[in-house]
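In: The sequence and its predicted three-dimensional model are supplied below.
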Amino acid sequence: MITHRLCHLVAVCLTVICMATASHTQTADLEFVTVERPPFAMSGNDAPSGFAIDLMTAIAAEMGQTISFEVADSFPEMLQLVETAQVDGAIANISITRDRESRMDFSQPIYHGGLRILVPRQQGGVSIWSTLFSLDLALAILAAFALLLGGGMLMWLFERDKQPYFEGSAREAMFPSFWWALNLVVNGGFEERMPRSAFGRLFGTFLVISSLFIVSVFVAHITASLTVSAISGSIHSVSDLDGKRVGTTEGSTAAIFLEDRNMAFSGYDSLDALLGDFENGELDAVIFDGPILAHYAQNEGAQYGEVLDSVFRPESYGIALPTGTPLREDINVALLRLIETGAYSDLSEKWFGGTH
């Protein structure tokens, strides 16, 4: 009986010791924070996933550590948790900047990306078609018809008693007179049905000379309208953003870029709200991290937008760490080891289709 109780006591002690050890191990695990940024980090039902999550998990394994992830509600909140050392670090598409480096530490770059521009899909074609059916062009065409009809009817007034072509009532002569004026403008003169009256010849000469200028001005107006509308309606680079409805997230490197250049933009608290307004047609362009925009345009945003090819501001993303943390060196060593062994390339191929 005593032996049985002794064994039971030993078992209880071992259980307590194991629980204490497990508790100690849990508190010693790395606690990282991230934010919703596909394909770097995506919250799921069980646990976050994405390139940054897989990479940090692999780094922790190389360090002999386990790791847990918390998903912050916003990018600034994520950085604040790092800056105040409430977590061991943060990983996502975190650009390494001078300002952030002064408030926290960073690992070696984990990805080389940069800022790109998201625009509505097939923006150029929509602009030209809208111009072809614009009110200005319709008014110009109506004005041309009115001038031709007015000139033809005036010639009918001068010539109605002088030649058979202009005989008949005003109603009957409307189309023949319009057709006469149209041929004069198109051909630059007339070989048949030359005016016979003095006023008709004088007016006909005036029409021939003025038609050269009228046609030139009319064609130039239409060409200029189409060209200006096509250029102003399309965005091909940062220089085309002036006067456009541009959006990005508050506090991002894209926002800082636009502010430094005094470019007007709308700031959003979240990426979801930003892309939501873009899908609703409330924005002409979105400025943000290229990999994020490319993933969006290739997946859920495929019907809404396309990303311009050029990266107008290259950036490097790193792992954000509290200032002075001893983890920095271990993380860098583990990251370099993953690069040397090819594990990093495998993750890059998995999430981006290539190395970066």
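Out: Sure thing, it's come through.

In: per-domain residue ranges of this protein.
Out: Using automatic domain parsing, the domain parsing of the chain gives 24-110+318-352, 128-233, 236-313.

In: mind checking which helix or strand of the protein has the lowest mean pLDDT?
Out: Sorting the helices and strands of the chain by mean pLDDT, DSSP states H and E puts helix 2-28 at the bottom, at a mean of 42.

In: tell me what the helix or strand just after that one is packed against?
Out: For helix 2-28, the succeeding helix or strand toward the C-terminus, using DSSP states H and E, is strand 30-35. If contacts are counted by 3 or more Cβ pairs under 8 Å, 6 or more residues apart in numbering; DSSP states H and E, strand 30-35 sits against helix 51-62, strand 67-72, helix 75-83, strand 89-90. (C-beta placed from N, C-alpha, C; glycine too.)

In: again, only this time at 10 Å
Out: When contacts are defined as 3 or more Cβ pairs under 10 Å, 6 or more residues apart in numbering; DSSP states H and E, strand 30-35 sits against helix 51-62, strand 67-72, helix 75-83, strand 89-90, strand 320-321.

In: Compare those and report which one is nearest to residue 184.
Out: helix 75-83 (67.8 Å; Cβ to Cβ).

In: that older thread, out of the helices and strands packed on strand 30-35, the one nearest residue 36 is which?
Out: strand 67-72 (6.6 Å).

In: and the direction of the closest one versus that of helix 51-62, what angle?
Out: Inter-element angle recorded for strand 67-72 and helix 51-62: 150 degrees (by axes from the mean of the first three to the mean of the last three Cα atoms, to 10 degrees).

In: now strand 67-72 against strand 30-35, angle please.
Out: Going by the same axes, to 10 degrees, strand 67-72 makes 30 degrees with strand 30-35.

In: average pLDDT for strand 67-72?
Out: For strand 67-72, mean pLDDT rounds to 94.

In: I'd like the distance from it to the chain centre, please.
Out: From the chain centre to the centre of strand 67-72 is a distance of 29 Å (Cα atoms, centre = their mean, to the nearest Å).

In: Can you list the strands that that strand pairs with?
Out: Partners of strand 67-72 in the sheet, by DSSP bridges, are strand 30-35 (parallel).

In: Please put the alpha-carbon coordinates of the strand it pairs with into CSV.
Out: Provided in CSV are the C-alpha atoms of strand 30-35 (Å, rounded to 0.1, in the frame of the first residue of the first chain):
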residue,chain,number,x,y,z
LEU,A,30,9.4,33.0,-30.4
GLU,A,31,6.3,35.2,-30.6
PHE,A,32,6.0,37.0,-33.9
VAL,A,33,3.3,39.3,-35.3
THR,A,34,2.3,39.7,-38.9
VAL,A,35,-0.5,41.4,-40.9
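
In: can you redo the domains of the chain as JSON lines with mean neighbour count?
Out: Formatted as JSON lines, the domains of the chain follow (neighbours: other Cβ atoms under 10 Å):
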{"stretch": "domain 24-110+318-352", "mean neighbour count": "18"}
{"stretch": "domain 128-233", "mean neighbour count": "15"}
{"stretch": "domain 236-313", "mean neighbour count": "17"}
